[in-house]
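Enquirer: would you be able to build a 3D model of this:
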Amino acid sequence: MNCCCWHILFTQPDFVNQKSHLQEEIEHHSHLCDFYPKFHCKFNFIEQYWGAAKWHYWSSPRTNDMVKMEENVLHCLDDVPLIQIQQYVCLSLYFSVQMKLNNSIAMKIDLLSLWMLIQRV
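Expert: Okay, here's the model as predicted:
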């Protein structure tokens, strides 16, 4: 009984179209709000960008000076090519669309191909 009531309640148009309080607050301040599935962090372009910057940092000269470390981090963030960041964004958008379409088999094959392409950059 509870399951059916929950289903009926949460499929009503006023419930479906209601934005979360967080999203309303963000949009009230003229910002865009985009939520990514938390279980697919590898396809979040921000995580990919951060991972590429960490790789650059790992290959940079070691230092114990905190000021120099901060300079290295900023330099490594700037070292990630814009085209690579754009590829991460495209992959993330493609993944989001496929999730909404629930195209699971095609999505897995296409995402694997895109992922391998991006890793070559």
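Enquirer: now do the SS call for residue 61.
Expert: Three-state call for residue 61 (DSSP: H, G, I helix; E, B strand; the rest coil): coil.
Enquirer: and the gap between it and residue 81?
Expert: Here residue 61 is placed at a distance of 21 Å from residue 81 (Cβ to Cβ, to the nearest Å). Quick note: C-beta positions are derived from backbone N, CA and C, even for glycine.
Enquirer: more neighbours, the two?
Expert: The residue with more neighbours, out of residue 61 and residue 81, is residue 81; 11 against 6, by other Cβ atoms under 10 Å.
Enquirer: what's residue 64 sitting at in phi/psi?
Expert: For residue 64, the backbone dihedrals (degrees, to the nearest 10) come out as phi -100, psi 0.
Enquirer: got a pLDDT number for it?
Expert: The predicted local confidence for residue 64 comes out at a pLDDT of 90.
Enquirer: please name the nearest non-neighbouring residue to residue 63.
Expert: residue 69 (6.0 Å; Cβ to Cβ, 6 or more residues apart in numbering).
Enquirer: residue nearest the middle of the chain, spatially speaking?
Expert: With distances taken as Cα atoms, centre = their mean, the residue of the chain nearest its centroid is residue 44 (2.0 Å).
Enquirer: which pLDDT value goes with it?
Expert: 78.
Enquirer: and for stretch 9-26, what's in contact with it?
Expert: Residues outside stretch 9-26 that contact it (Cβ atoms under 8 Å, 6 or more residues apart in numbering): 27, 32, 33, 35.
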